[in-house]
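Novice: One predicted model, sequence on top.
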Amino acid sequence: MGEIVFSAAMSHAPHITGYADHASSEVKERVYAGMATIGERLRQSRPDVLVVVSSDHFHNLFLDRMPAFCVGVADKYSGPVEKWIKIDPFHAQGARELGQFIVAQAYEHRFDPAFAENVVIEHGIAVPLKFLTPDYDIPLVPILQNCMVPPLPTLRRCHEFGSFLRGVAQRSDLRIAVVGTGGLSHSPGAPEAGDIDTKFDLELLSSLASPHPESVLDWSNEKLDGAGFGAWEIRQWMTALGASGGGPAEVVFYESVPEWETGCGGVIFGTQID
């Protein structure tokens, strides 16, 4: 029987690498160290496959085709599509069989995701991968969640999808790591870009580290909107929480970085053993 051996969530702002030196050296070093720590802990868990759950920033999906969930089912993925984020071009082996298994199982468990072979890797996955698997040597299943075009899947629905992924792992023979990427507070490209809602970010991290991290599932859309439309991406954090089985999170790092237009954070969830 397989299992979820690691679950985490982290920011994926393109400025983290693309405009790294716009932040102070101290802030950059703390964020980089935190992301590297999550990567080290992931690799120590010895996963067979890494599932990265991210939003798509109109490189694969657009206004006319935006499923709630889209599962990658390719043999290989290449990126990054944005050259300006200053990550060298790379190829990552895909875990086609697991991707197909996720889709087939979803159809039997009240989910109806789209699936795609031609998924290009953009910053939502590329930035985290640089720190999680710098050698790109863990087979990958990318899952794209709609955090861009309302109506959006609810926080609770994303958590349920994570719980579903936990069940998929148990029905496989694989050691699976799940990382949700995105957030925290930010409004990229908007007039208010650079305004960080530190209060929102710290409340989120505190809630996830509490004995009842699922309390975040009751947060309203209005609460997320107040932290910027980029905060919609905490849906990926809820998916990773669901995959973990609901254990409290260890907060690894947090920095409010106006120069990167993002509240940058990362957590490792306490993966429960059933």
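Specialist: That came through fine.
Novice: Going along the chain, name the helices of the stretch 1-150 of the chain.
Specialist: Per DSSP state H, counting those that start in this stretch, the stretch 1-150 of the chain carries helices over the ranges 15-18, 25-44, 96-108, 123-132.
Novice: Of those helices, give the one that comes closest to Ile143.
Specialist: Each of the helices of the stretch 1-150 of the chain was scored for nearness to Ile143 using CB to CB, and the closest is helix 96-108 (7.8 Å). (C-beta placed from N, C-alpha, C; glycine too.)
Novice: Just the mean pLDDT for that closest one, thanks.
Specialist: Across helix 96-108, pLDDT averages out at 98.
Novice: so what does that helix touch, helix or strand wise?
Specialist: Helix 96-108 makes packing contacts with strand 69-72, strand 114-116, strand 140-145, helix 155-171 when contacts are defined by 3 or more CB pairs under 8 Å, 6 or more residues apart in numbering; DSSP states H and E.
Novice: Deepest in the core, which of the ones you listed is it.
Specialist: strand 140-145 (a mean of 27; mean count of other CB atoms under 10 Å).
Novice: what's the offset of that strand from the middle of its chain?
Specialist: Offset of strand 140-145 from its chain centre (CA atoms, centre = their mean, to the nearest Å): 9 Å.
Novice: contacting residues for Ile143?
Specialist: Residues in contact with Ile143, defined by CB atoms under 8 Å, 6 or more residues apart in numbering, are 51-54, 69-72, 102, 113, 239.
Novice: Quick check: closest non-adjacent residue to Leu224.
Specialist: Leaving aside its chain neighbours, Leu224 sits nearest to Ala231 (4.8 Å; criterion: CB to CB, 6 or more residues apart in numbering).
Novice: The one you found: what's it in contact with?
Specialist: Counting by CB under 8 Å, 6+ apart, Ala231 makes contact with 183-186, 197, 200, 224-225.
Novice: Give me the pLDDT for it.
Specialist: For Ala231, the model assigns a pLDDT of 94.
Novice: Adding distance to Phe62, pLDDT and secondary structure, write the contacts of Ala231 out as a markdown table.
Specialist: Putting the contacts of Ala231 into a markdown table (distance: CB to CB, whole Å; pLDDT from 0 to 100; DSSP: H, G, I helix; E, B strand; the rest coil) gives the following:
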| residue | distance to Phe62 | pLDDT | secondary structure |
| --- | --- | --- | --- |
| Gly183 | 22 | 94 | coil |
| Leu184 | 25 | 98 | coil |
| Ser185 | 25 | 97 | coil |
| His186 | 21 | 93 | coil |
| Asp197 | 28 | 97 | coil |
| Phe200 | 28 | 97 | helix |
| Leu224 | 22 | 95 | helix |
| Asp225 | 22 | 94 | helix |
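Novice: which among the residues you listed gets closest to Phe90?
Specialist: For Phe90, the nearest member of the contacts of Ala231 is Gly183. The distance, counting by CB to CB, is 24.0 Å.
Novice: Thought Leu224 was touching that closest one, still the case?
Specialist: No - taking CB atoms under 8 Å as the contact criterion, Gly183 and Leu224 are not neighbours in contact, 9.4 Å apart.
Novice: that's a helix at the residue nearest to Leu224, yeah?
Specialist: Yes - when DSSP: H, G, I helix; E, B strand; the rest coil is applied, Ala231 is found to be in a helix.
Novice: Count the neighbours of the residue lying closest to Gly99 once chain neighbours are set aside for me.
Specialist: Spatially, and ignoring its direct neighbours in sequence, Gly99 is nearest to Val73 (3.9 Å; CB to CB, 6+ apart). Residues near Val73, counting by other CB atoms under 10 Å, number 21.
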